[in-house]
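Trainee: next comes the sequence, and after it the predicted model I'd like to discuss.
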Amino acid sequence: MTAWLLHDHLNGPLALGDDCEPIGALLPRRRPDLHGLTPHLYRIDKASLETLRAQAQNVSRRGMPPTVCALLWADVEADVLRDQLSRYCLAATPASRWMYCRYFDPRVMTHLRWILAQDQLHSLLGRISRWAFLDASSQWVEIDNEPRAPHWLRLTLDDTQTRRLNELPTLRACLQQWRAHDPQAPRDDRDAGKRVAACLDHGQALGLRDLQDRVALALHELLIHPDIIRHPDIANAIALASGGAAYRHVTGNWPQARWETIQEQLTNRETT
């Protein structure tokens with residue numbers, strides 16, 4: 001099976017051997033202004049795979065933006081694959097006709113596994129049999145796909161999916177803080193991302209309009225207790241936020257002892 005590389009040249013160069021055949025940048029037809037921003041597709045010899053994997057992991061472990069977007073396996077003509085990848089750079093949304101979707105960025109693709117429905121993900125992969133990328137833990141993740149018809153020619157997002165993608169930088173930052181403070185936090189972005197998104201939704205449902213307030217409440221839910229919103233101190237802080245105060249400022253100066261008391265009270269409530 002033919003191996004392919006997606007390289008994000010905006011994030012830095014790659015040392016490519018002579019066996020890497022350049023196919024060209026992805027070219028979404030409706031947005032020629034994006035043609036200088038999209039990644040480049042290469043057909044690669046399998047002998048280069050380990051070198052490319054090593055380069056990708058070196059960049060990831062240093063916390064730098066990914067240069068290797070993905071390693072792909074697909075038995076398809078180069079122009080057909082390039083056209084497929086180019087079309088999905090634009091997604092249809094309810095609010096605007098087309099939205100630039102950086103699905104090829106591993107920091108996005110890792111979460112598309114839970115943001116998209118299965119038929120959407122299948123259509124996105126299209127003729128690709130396997131898509132490999134590095135997740136936030138610098139571990140390789142592989143998505144296997146059985147190319148088959150029918151599939152959607154373009155990606156159409158609903159309101160929730162559009163909001164998830166727009167808030168993805170905030171979700172990733174929240175996830176990073178959760179993992180930094182809790183060694184038991186899930187390492188798989190698919191499970192962890194879903195959990196963080198659900199916590200952010202709780203804040204929105206409770207009337208927290210400020211995204212950073214929702215992040216603060218989500219971290220309290222993740223790090224202190226899953227039923228944190230049931231505690232009267234937290235309920236009062238949320239009520240103050242509804243009146244114009246910032247939730248993160250109301251709770252920001254609470255001493256550690258107060259948080260420990262809240263956690264203990266909620267845990268004891270579970271056992272009584």
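Mentor: All right, it came through fine. Numbering: from 1, shown residues only.

Trainee: dump the helix or strand containing His249 to PDB, restricted to CA.
Mentor: If you go by DSSP states H and E, His249 is part of helix 247-252. Extracted as PDB, the C-alpha positions of helix 247-252 are listed here (Å, rounded to 0.1, in the frame of the first residue of the first chain):
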ATOM      1  CA  TYR A 247     -16.900  33.100  38.600                       C
ATOM      2  CA  ARG A 248     -13.200  32.600  38.300                       C
ATOM      3  CA  HIS A 249     -12.600  35.800  40.300                       C
ATOM      4  CA  VAL A 250     -15.200  34.900  43.000                       C
ATOM      5  CA  THR A 251     -13.500  31.500  43.600                       C
ATOM      6  CA  GLY A 252      -9.900  32.500  42.600                       C
END
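
Trainee: following element in sequence after it, please.
Mentor: helix 256-270.

Trainee: list the buried residues of that next one.
Mentor: Trp259, Ile262, Gln263, Leu266 (16 or more other C-beta atoms under 10 Å). (C-beta placed from N, C-alpha, C; glycine too.)

Trainee: and stretch 115-126, by the same measure?
Mentor: For stretch 115-126, a neighbour-count test (16+ other C-beta under 10 Å) marks Ile115, Leu116, Gln120, Leu121, His122, Ser123, Leu124, Leu125, Gly126 as buried.

Trainee: do a quick rundown of the strands in the stretch 151-272 of the chain.
Mentor: 155-156 (DSSP state E, counting those that start in this stretch).

Trainee: could you list the low-pLDDT ranges of it?
Mentor: Scanning the stretch 151-272 of the chain for pLDDT under 70 picks out 151-152, 271-272.

Trainee: if we go to 50?
Mentor: When residues are selected by pLDDT under 50, none of them lie in the stretch 151-272 of the chain.

Trainee: now stretch 48-67: average pLDDT?
Mentor: Here stretch 48-67 scores 94 as its mean pLDDT.

Trainee: and that stretch, how far from the chain's centre?
Mentor: 18 Å (C-alpha atoms, centre = their mean, to the nearest Å).

Trainee: list the buried residues in it.
Mentor: Quick answer for stretch 48-67 (16+ other C-beta under 10 Å): Ser48, Leu52, Gln55, Ala56, Val59, Ser60, Pro66, Thr67.

Trainee: okay, domains of the chain per the record?
Mentor: 3-157, 167-270 (automatic domain parsing).

Trainee: ok so, going back, which one of the buried residues of helix 256-270 is nearest Leu37?
Mentor: Nearest to Leu37 among the buried residues of helix 256-270: Trp259, at 43.5 Å, using C-beta to C-beta.

Trainee: the residue nearest to the closest one when sequence neighbours are not counted and Arg269: what is the separation?
Mentor: Leaving out its chain neighbours, the residue that sits closest to Trp259 by C-beta to C-beta, 6 or more residues apart in numbering is Ile224, at 6.0 Å. For Ile224, the distance to Arg269 equals 13 Å [C-beta to C-beta, to the nearest Å].

Trainee: which residue is the nearest non-sequential neighbour of Leu155?
Mentor: Distance criterion C-beta to C-beta, 6+ apart; nearest residue to Leu155, sequence neighbours excluded, is Ala91 at 4.2 Å.

Trainee: so that neighbour is in which element?
Mentor: strand 90-92.

Trainee: which residues touch that strand?
Mentor: Pro28, Arg30, Arg31, Trp98, Met99, Tyr100, Cys101, Arg154, Leu155, Thr156, Leu157 (C-beta atoms under 8 Å, 6 or more residues apart in numbering).

Trainee: buried only: go through the residues you listed for me.
Mentor: Pro28, Met99, Cys101, Leu155, Leu157.

Trainee: okay if I get these as CSV plus distance to Leu72?
Mentor: What follows is those, written out as CSV (distance: C-beta to C-beta, whole Å):
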residue, distance to Leu72
Pro28, 18
Met99, 23
Cys101, 17
Leu155, 17
Leu157, 23
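
Trainee: what about Pro39, how many neighbours?
Mentor: Neighbour count of Pro39, defined by other C-beta atoms under 10 Å: 24.
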